[in-house]
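Asker: sequence plus the predicted model coming up.
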Amino acid sequence: MKELREAIRMHGVGLGQDVVKVDMFLNHRIDTALLFRMGEEFAARFRSEEPTVVLTVEASGIAMAVAAAHHLSDIPVVFAKKGATVVQSPDVAQAKVYSFTHKRENVIRVDKKYLPKGSRVLIIDDFLADGQAVQGMMALCAQMDCEVVGVGIAVEKGFMPGGKNLRAMGVNLQSLAIVTGIEDGKILLEND
Ligand code: 5GP
């Protein structure tokens with residue numbers, strides 16, 4: 001998606017060999033016009049799959065999941081939670097996810113009543129690296145007998161294995177921008 005690639009080129013910062021920082025428009029400060037354009041783009045790419053719910057994981061995925069769901073005729077968004085809380089229902093599905101950015105294992109949880117059996121789930125997230133977050137959300141869907149009809153990612157790090165593995169599994173994966181590498185802090189993008 002041209003506008004996202006432009007924003008990455010203008011404001012993205014490459015940290016070390018493998019971290020992409022887009023805090024200027026996506027992960028800390030949000031460019032709302034770009035966010036809703038991304039939602040429109042996700043909706044255009046997945047509308048024919050007729051998703052009934054968008055699933056993401058807190059916190060960074062929520063904004064773009066809402067934007068996508070709004071453009072998919074205002075279907076609901078469910079976000080998996082990372083910490084157990086006192087208001088948590090005992091009837092939850094859960095999966096372990098190793099966090100790329102926090103370098104620790106999280107348990108992600110969804111209350112079963114929010115993802116009813118048979119839901120057609122569109123998974124949305126901000127980044128795809130090793131694929132742990134997406135695989136964790138797919139595991140939640142499998143536990144609840146829901147069908148994953150697609151996976152939409154804002155920024156795929158094409159030099160990491162997550163995307164390749166999901167495509168090999170036959171997952172309908174669509175990434176709005178693909179980073180091919182980082183050189184001296186400069187982010188290299190596919191189709192540039
Ligand atoms: P994965 O589970 O695919 O290894 O990593 C995806 C998750 O880690 C995303 O939910 C995202 O929050 C975070 N992440 C992975 N790589 C990056 C990165 O380069 N930059 C940022 N900001 N987050 C990342």
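Answerer: Here it is on my side, so go on.
Asker: does Ala65 really touch Val54, like I thought?
Answerer: Yes. Counting by CB atoms under 8 Å, Ala65 does reach Val54; the two are 4.7 Å apart. Every C-beta, even on glycine, is put in place using the N, C-alpha and C of the backbone.
Asker: intersection of neighbour lists for the two?
Answerer: Val77, Ile124 (CB atoms under 8 Å, 6 or more residues apart in numbering).
Asker: who has more neighbours, those two?
Answerer: Val54 (30 against 27; other CB atoms under 10 Å).
Asker: so the more buried one makes contact with Ala68?
Answerer: Yes. Val54 is within contact range of Ala68, at 5.7 Å (criterion: CB under 8 Å).
Asker: now the common contact residues for those two.
Answerer: Common neighbours of Val54 and Ala68 (CB under 8 Å, 6+ apart) are Leu122, Ile124.
Asker: poorly predicted segments of this protein, please.
Answerer: 84-88, 192 (pLDDT under 70).
Asker: so which residues on it come close to the ligand?
Answerer: Applying CB under 6 Å from any ligand atom, we find that the chain lies next to the ligand at 19-21, 27, 60, 100-101, 125-133, 162.
Asker: among those residues, which are in helices?
Answerer: Gln132, Ala133, Gly162 (DSSP state H).
Asker: these two touch, right, the second one and Val57?
Answerer: Yes. Using CB under 8 Å as the test, Ala133 is close enough to Val57 to be in contact (5.6 Å).
Asker: can you give me the strands for this structure?
Answerer: Shown for the chain, the strands assigned by DSSP state E span residues 13-15, 19-21, 53-57, 77-80, 92-99, 104-111, 120-128, 147-157, 173-183, 186-189.
Asker: who are the contact partners of the closest residue in space to Asn27 that isn't next to it in sequence?
Answerer: Computed as CB to CB, 6 or more residues apart in numbering, the closest residue to Asn27 that is not its neighbour in sequence is Ser60, at 5.3 Å. Contacts for Ser60 (CB under 8 Å, 6+ apart) come out as Leu26, Asn27, Asp125, Asp126, Phe127.
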